[in-house]
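Chemist: Return a 3D structure for these sequence lines:
(chains A and B)
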Amino acid sequence: MSDATTKAAAQRPIAYRGGGFAPSPRRWVGFIVFAVLILFAEWGTRSGWISALTLPKPSDVLETFRDLYNSGLLFQHLAPSLTRFVMGALIGVSLGVVVGILIGLFSYVRAGMVPVVAAIFPIPKIALLPLFVIWFGIGEGSKYALIAFGTFTPTVVATYGAVDNVDRTLIRMGQSFGLSWWSIVRKIVLPGAMPGILSGLRISLAIAIILLVAAEMLGAEYGIGAYILEAGSLYDLERLFAGVVILSVLGVLVSAAVGLVERRLLGWRT
Amino acid sequence: MDIQMKSVSHTYGSTEVLRDISIDIPTGKIVCLVGPSGCGKSTLLRFIGGLERPTEGEVLQLGEPPEGSLNPLTYVFQDFALLPWRSVRGNISLVLEDHGIRGEDANRIIRDVLQRTKLSDFETALPKQLSGGMKQRVAIARALAVNPAVMLMDEPLSALDAQTRELLMDDLVALWTRQPFTAVYVTHNLAEAVRLGHKVVVLSRRPGQIREIVEIDTPLAERETGDPELEAVQKKLWNLMRDEARAADEELVHV
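Modeler: Model (predicted):
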């Protein structure tokens, strides 16, 4: 090698190989992805290489949605569905948090309940629908119960995992200052488990939306689920998609709401 | 209120951790426990704090804790043990709430301890905003708030860097000089022991036994780094500990 090349080589900047592995928020990318997908479907259905039987035209779905809104039927369907969602999820999540904390704190409850929860978790709740109808009647009771049951198990699992992860030195600290058992649970265990409980909440609320449709399969005149099922049995794809879009929007809103609660409650996290 | 340990021994399963320990902890003095890692010094502290029970022997409390002491035996932890979701103020009020102290009474105590630990400006800060040294000062302020008869300090400076440790030692000396408190101070750092201890108890490796008890008479406020007398004591302590520490280091851990 000549002198000139060694000199040139000696001056090369050091290749950068750090960075990455740290996703940061990119605000509008999500919207752009949605827009591109919808525009692609619109273009495909309009130009004819996606047949109307395969996929409805997004603009037609929008039209259907507008009719639904103008006729006032939207809220007639939405109101009972939201009530079922809120009531069912409220019952399931609050019971789940309580049972999860008990499992996290007491050896006997843990030994007794963990296998039970593991046995209940994988049961497709839809399969138990007839049972719920017998137990709670064909009315709202069985619908609440189905959604509550479906949100209960994931909440329990998330909660007791979260309680297990609470820093033990904080609990020892509480004991060393003579805090009462109840104070330790309320002021140390519960806030310490909150991150895990909230991330469990995301999953259980998504499950609640899934079960909403299942709950409305039986004897529901109004409701998003009933609307979708009716459209499905008539192969009315526009209405089917309009219903599905409502559920998707509901899912996005719920997830955003949980995110908001997380930012409010978990600002102390580093 | 004095604390007396009478021939305390302890075993975990078949492992003997402590053998025949007797120590007197007189009021208003700082007693340092030093020893190689795994010699059971933190376990001794947990006995005094009532978080664990020795298999043999007893830990006695002589006399009554002073009037107004909410939590006579109070811990200061190595890793601070602050609730990350509570502000500096909230962390201190946590230990007052259970004693029914709220409102103006609580405010007075919190203001006083924050001022004594030079934290008055950080009342509303969250732990994540504080440096390690400040976190430990919050923990000390929290301990002072319950007006303890004996402070049980479990390697309180070990998680801090050397400079912060120096500063905090000065703070502790100033705190003690203003208002002498009783403390049992566990450390593996001999410099801390000779700086803060009126009495240094040297423990052997497991099973921990008392090798020697060294009394240091120089008043705390007059101790300075580089003091030849203290250096001599520190050297003596190190000579006592060196072989034990080496042997302890080479032991396998049986868990």
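
Chemist: Could I get the average pLDDT for stretch A:96-103?
Modeler: Here the mean pLDDT over stretch A:96-103 is 95, rounded to a whole number.

Chemist: what does the stretch 101-250 of chain B have sitting close to chain A?
Modeler: Contact residues, the stretch 101-250 of chain B versus chain A (Cβ under 8 Å from any Cβ of the partner chain): B:Leu126, B:Pro127, B:Lys128, B:Arg142, B:Val146, B:Leu152. To be clear about C-beta, it is placed using only N, CA and C from the backbone, and glycine gets the same treatment.

Chemist: is it fair to say the third one lies in a helix?
Modeler: So that's B:Lys128. Yes: looking at B:Lys128 with DSSP: H, G, I helix; E, B strand; the rest coil, it is inside a helix.

Chemist: Now that it has come up, it's in contact with A:Leu266, right?
Modeler: No: counting by Cβ atoms under 8 Å, no contact exists between B:Lys128 and A:Leu266, whose distance comes to 11.4 Å.

Chemist: anything in contact with each of these two?
Modeler: With contacts taken as Cβ atoms under 8 Å, 6 or more residues apart in numbering or on different chains, not a single residue reaches both B:Lys128 and A:Leu266.

Chemist: Contact residues of the stretch 51-200 of chain A facing chain B?
Modeler: Counting by Cβ under 8 Å from any Cβ, the stretch 51-200 of chain A sits next to chain B at A:167, A:169-170, A:172-173, A:175-180, A:183, A:187-188, A:191-192, A:194.

Chemist: burial measure for A:Ala127, as a count.
Modeler: 9 (other Cβ atoms under 10 Å in any protein chain shown).

Chemist: residue contacts, the residue of the stretch 101-250 of chain B found nearest chain A?
Modeler: Nearest residue of the stretch 101-250 of chain B to chain A: B:Lys128, at 4.6 Å (Cβ to the nearest Cβ). B:Lys128 makes contacts with A:Trp268, A:Arg269, A:Thr270, B:Pro84, as judged by Cβ under 8 Å, 6+ apart.

Chemist: Check the spacing between the first one and A:Ser176 real quick.
Modeler: Yep, that's A:Trp268 we're talking about. Computed with Cβ to Cβ, to the nearest Å, the distance linking A:Trp268 and A:Ser176 is 22 Å.

Chemist: Can you give me the pLDDT of the residue of the stretch 101-250 of chain B closest to chain A?
Modeler: The per-residue pLDDT reported for B:Lys128 equals 92.

Chemist: what does the one 5 residues further on give?
Modeler: On pLDDT, B:Gly133 comes in at 87.

Chemist: Check A:Ala9 too.
Modeler: Turning to A:Ala9, the model gives it a pLDDT of 67.

Chemist: Please name the nearest non-neighbouring residue to A:Ala208.
Modeler: Residue nearest to A:Ala208 in three dimensions, not counting chain neighbours: A:Ala89, with 4.4 Å by Cβ to Cβ, 6 or more residues apart in numbering or on different chains.

Chemist: residues in contact with stretch A:52-65?
Modeler: Contacts to stretch A:52-65, defined as Cβ under 8 Å, 6+ apart, come from residues A:38, A:41-42, A:44-46, A:74, A:237-242, A:245.

Chemist: What is the strand or helix carrying B:Ile3 packed up against?
Modeler: B:Ile3 belongs to strand B:2-12 when assigned by DSSP states H and E. Based on contacts counted as 3 or more Cβ pairs under 8 Å, 6 or more residues apart in numbering or on different chains; DSSP states H and E, the elements that strand B:2-12 packs against are strand B:15-25, helix B:41-49, strand B:56-62.

Chemist: Compile these into TSV and extend it with columns for distance to A:Leu229 and mean pLDDT.
Modeler: Listed next are those as TSV, based on distance: least, Cβ to Cβ, whole Å; pLDDT from 0 to 100:
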stretch	distance to A:Leu229	mean pLDDT
strand B:15-25	66	89
helix B:41-49	62	88
strand B:56-62	71	89
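
Chemist: of all those, which lies closest to chain A?
Modeler: Ranking the helices and strands packed on strand B:2-12 by their distance to chain A (criterion: Cβ to the nearest Cβ) puts helix B:41-49 first, at 5.8 Å.

Chemist: What are the contacting residues of that closest one?
Modeler: Helix B:41-49 is contacted from outside by A:176, B:3, B:5, B:8, B:10, B:17-18, B:21, B:25, B:33-35, B:52-54, B:59, B:73, B:75, B:150, B:152, B:154-155, B:184, B:186, B:203, B:208, using Cβ under 8 Å, 6+ apart.

Chemist: go again using 7 Å as the cut-off
Modeler: In this structure, residues lying in contact with helix B:41-49 by Cβ atoms under 7 Å, 6 or more residues apart in numbering or on different chains are A:176, B:3, B:8, B:10, B:17-18, B:21, B:33, B:35, B:52, B:54, B:59, B:73, B:75, B:152, B:154, B:184, B:186, B:203, B:208.

Chemist: okay, it in PDB with CA atoms only?
Modeler: What follows is helix B:41-49, C-alpha atoms only, in PDB (Å, rounded to 0.1, in the frame of the first residue of the first chain):
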ATOM      1  CA  LYS B  41     -25.400  -7.300  59.800                       C
ATOM      2  CA  SER B  42     -28.600  -6.400  58.000                       C
ATOM      3  CA  THR B  43     -30.300  -9.400  59.700                       C
ATOM      4  CA  LEU B  44     -29.300  -7.900  63.000                       C
ATOM      5  CA  LEU B  45     -30.900  -4.700  62.000                       C
ATOM      6  CA  ARG B  46     -34.100  -6.400  61.100                       C
ATOM      7  CA  PHE B  47     -34.100  -8.000  64.600                       C
ATOM      8  CA  ILE B  48     -33.900  -4.600  66.200                       C
ATOM      9  CA  GLY B  49     -36.600  -3.300  63.900                       C
END
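
Chemist: Relative to the whole chain's centre, how far out is it?
Modeler: Using Cα atoms, centre = their mean, to the nearest Å, we find the averaged C-alpha position of helix B:41-49 to lie 10 Å away from the chain's own average C-alpha position.

Chemist: pLDDT below threshold where in the stretch 151-255 of chain B?
Modeler: For the stretch 151-255 of chain B, the stretches flagged by pLDDT under 70 are B:252-255.
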